[in-house]
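Asker: Below are the sequence and a predicted model; questions follow.
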Amino acid sequence: MKNFLQHHVSFDSLATLFSQAPVALAMLMGENQVVEIANQHILDLWGKSDSIIGKPLLEALPEIKDQEFSKLLREVYRSGKPYNGNNVLAKIEKNGVLSDCYFDFIYSPILKDQEITGVSVVATEVTDKVLSEKKLWESELRFKELVETADYSTAIYKGEDLIIEFANDQMIKTWGKDKSVIGTKLEDAIPELQNQPFIEVLKNVFKTGIPYITQEDKVDLVVGGVLQTFYYNFSYKPLRDSKGEIYAIMNVALNVTELVNARKKAETNEYDYRNLSNAMPQMVWSAGLTGILDYGNSNLLNLLNLTIDEIDQFDFTKIIHPDDLPNVQKVWEEAAKNPQQFEVEYRMFDRKKNEYIWYLTTGTPFFKDGEFYKWIGTNTDINEFKNLVKQKDTFLGIASHELKTPLTSLKLYAQVLEKMLRKSGDEKSAEFAKKMDLQVVKLTSLIGDLLDVTKINSGKIHLNQSCFDFAKLVLETAEEMQMSTSHKIEIYAKNGGMVFADKERIGQVMINLISNAIKYSPDADRIIIETEQKDNNIIYTVKDFGIGMPEDKKHLAFEQYYRVSGDEQSTFPGLGLGLYIAAQIVERSGGKIWVHSILGKGSTFSFSLPLSDC
Ligand code: ADP
């Protein structure tokens, strides 16, 4: 050994080199691998002190007996071929603990005079590196697994050619391709991308390093052999190597096609419905329970001179005719309490026409999961109709008024004629004159009804109120009616009372109900009249055993011009005004009117008036 060293450099400088070299060094001499030299580094790696110098290797490090090192060394010693070990695991006892260490090492033969005398060991411990690589690999594996199973489509395109280095199952499915695309160029794998911007965008990301992130982007892909349109939220992000250079692009994408399609459909529906509602001649609106509007079509917005955003602020009380406002408010309040379809007529001020216009508003409640959702309604311009009705009423008023005077004379002449004929003994002709008189009475009553209606409609009806005995009036009217009918009128007056109202008009109502009862029960022979006191009211009831009314029609009986429909119309003459007038008179006298009826069995009409202590 000394000789070998003397041949080259001085022993001291070599020893210094050995001990100070930043690598672990040892010389194992002879067949038994005696540790001839070992610097501090290698002693540290081995976890031993310099007391092992001079000992054979397996004695110095008995723990490596069952490991490969001794064999490898022997092989180098025998063959003279150096051996390179990379990341080799060695189990070494350090401070009494056997631990896993990793080494890179070179075993080289030591030659003396062409003869191998030993093996030099140069080693570096790479435990930290190996462990961290292992950790990295494990986490990479975990990451890969995660990406593979994620709902997101993920792919990595490598190099400027955009070679598909990785694509998870989702991405492969997205493309409508199979695993064979991995390793090919993106543009070859998905040729349909050629006419789309994506390849260009990817190349740009590669060049600039600026990530590309987009939402609901349209992508056309051939899936199942058919070119289809999809929508994706996706990103292209550059991946950089340790030098900071871009080597690949990572693509993460989420298919949002269904979402986008659903939204598009909803948008189209909304667009269609809005056009539909704007095309309507009516005004269309929707509102919450209390009547605050949340939508109005263009007709409504034009009238109000509003934008859709201002509609919930609009104060309708300002443009509704003051005379109609209380009724409109009442209808809304009732509708809010008990949502069901409603109708209301009122005037709204039209600032363009500079006048009030009549509208008919209908509201229909809609419910969601059993709860009130909103009102949907329309306002229809009924101004022309209202004007025509007014014209008709004016005409009827004038006509009936003009007819009344000649009728009064006609009646007088008929009566005089009857008297004269009777005087002259011509009884037969006198009877005709009497019949003439009766027909004139009927005609007068019809014209009276017409006149009453025009008065009611123009608000000109006048009630001549006074205090009278209700029971007495019941008797008077019943007796009067009994004279001209073969029906037996039965009266059950339990008790009477005083009433403050227009006696003549109330009498007219009673007569009207009785004559209807007679008229609509041609096959019966009696009607019943009852009076009864209840809760400070007096109730008057006429019961007949006639044709009755269908349940769904009876509420119409009190409406103007309502008549029995169909064949019955000609059987029972009339104008359909009597009950309307009766209802108006009763209501204006502070009372109520109603009917119970069974089709084919008969009807019971009643009205009530408040009792008075006048
Ligand atoms: P009309 O002149 O037709 O009798 P009314 O206003 O008095 O007009 O009555 C309106 C409608 O109500 C009648 O056409 C008839 O259909 C119905 N009606 C009124 N009274 C009776 C009754 N007692 N029985 C059955 N139907 C009746």
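Answerer: That came through, no problem.

Asker: all contacts plus neighbour counts: C-alpha atoms, from now on.
Answerer: Will do.

Asker: List the buried residues for stretch 66-86?
Answerer: 69-70, 73-77, 80, 82 (16 or more other C-alpha atoms under 10 Å).

Asker: If we only consider the residues you listed, which is nearest to Lys337?
Answerer: Phe69 (96.1 Å; C-alpha to C-alpha).

Asker: now that closest one: how far from the ligand?
Answerer: Between Phe69 and the ligand the computed distance is 120 Å (C-alpha to the nearest ligand atom, to the nearest Å).

Asker: OK, contacts around the closest residue to Asn379 other than its chain neighbours?
Answerer: Nearest residue to Asn379, sequence neighbours excluded (C-alpha to C-alpha, 6 or more residues apart in numbering): Thr361, at 4.4 Å. Neighbour list for Thr361: 343-345, 377-380 [criterion: C-alpha atoms under 8 Å, 6 or more residues apart in numbering].

Asker: wait, is Thr361 part of a strand?
Answerer: Yes. Counting by DSSP: H, G, I helix; E, B strand; the rest coil, Thr361 is located in a strand.

Asker: ok so, going back, okay if I get the buried residues of stretch 66-86 as CSV plus pLDDT, secondary structure and distance to Asp161?
Answerer: Output for the buried residues of stretch 66-86, formatted as CSV (pLDDT from 0 to 100; DSSP: H, G, I helix; E, B strand; the rest coil; distance: C-alpha to C-alpha, whole Å):
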residue, pLDDT, secondary structure, distance to Asp161
Phe69, 90, helix, 47
Ser70, 88, helix, 50
Leu73, 92, helix, 48
Arg74, 92, helix, 51
Glu75, 93, helix, 48
Val76, 93, helix, 47
Tyr77, 93, helix, 51
Gly80, 91, coil, 48
Pro82, 95, coil, 43
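
Asker: Of those residues, which is the nearest to the ligand?
Answerer: Phe69 (119.9 Å; C-alpha to the nearest ligand atom).

Asker: about what we covered before: and which of the buried residues of stretch 66-86 is nearest to Leu300?
Answerer: For these, the residue nearest Leu300 by C-alpha to C-alpha is Phe69; the value is 96.2 Å.

Asker: picking up where we left off before, let's see if you can find the most crowded of the contacts of Thr361.
Answerer: Thr378 (24 neighbours; other C-alpha atoms under 10 Å).

Asker: residues near Val181, how many?
Answerer: 19.

Asker: got it, and Ala287?
Answerer: Counted with other C-alpha under 10 Å, Ala287 comes out at 19.

Asker: Give me the pLDDT for it.
Answerer: As predicted, Ala287 sits at a pLDDT of 92.

Asker: What of the one 4 residues further on?
Answerer: At Gly291, the pLDDT value in this model is 84.

Asker: Let me know the secondary structure of it.
Answerer: coil.

Asker: Name the nearest residue to it, ignoring sequence neighbours.
Answerer: Going by C-alpha to C-alpha, 6+ apart, Gly291 has Trp332 as its nearest residue, at 7.1 Å.

Asker: Which helix or which strand is home to Leu300?
Answerer: helix 298-304 (DSSP states H and E).

Asker: Pull out the buried positions in that helix.
Answerer: Buried, per 16+ other C-alpha under 10 Å, within helix 298-304: 298-301, 304.

Asker: May I have that helix exported as PDB, CA atoms only?
Answerer: The C-alpha coordinates for helix 298-304 follow below in PDB (Å, rounded to 0.1, in the frame of the first residue of the first chain):
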ATOM      1  CA  SER A 298     -96.300  46.800 -23.800                       C
ATOM      2  CA  ASN A 299     -99.900  48.000 -24.100                       C
ATOM      3  CA  LEU A 300    -100.100  48.500 -20.400                       C
ATOM      4  CA  LEU A 301     -96.700  50.100 -20.100                       C
ATOM      5  CA  ASN A 302     -97.600  52.500 -22.900                       C
ATOM      6  CA  LEU A 303    -100.800  53.500 -21.300                       C
ATOM      7  CA  LEU A 304     -99.000  54.100 -18.000                       C
END
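
Asker: so what does that helix touch, helix or strand wise?
Answerer: strand 283-287 (3 or more C-alpha pairs under 8 Å, 6 or more residues apart in numbering; DSSP states H and E).
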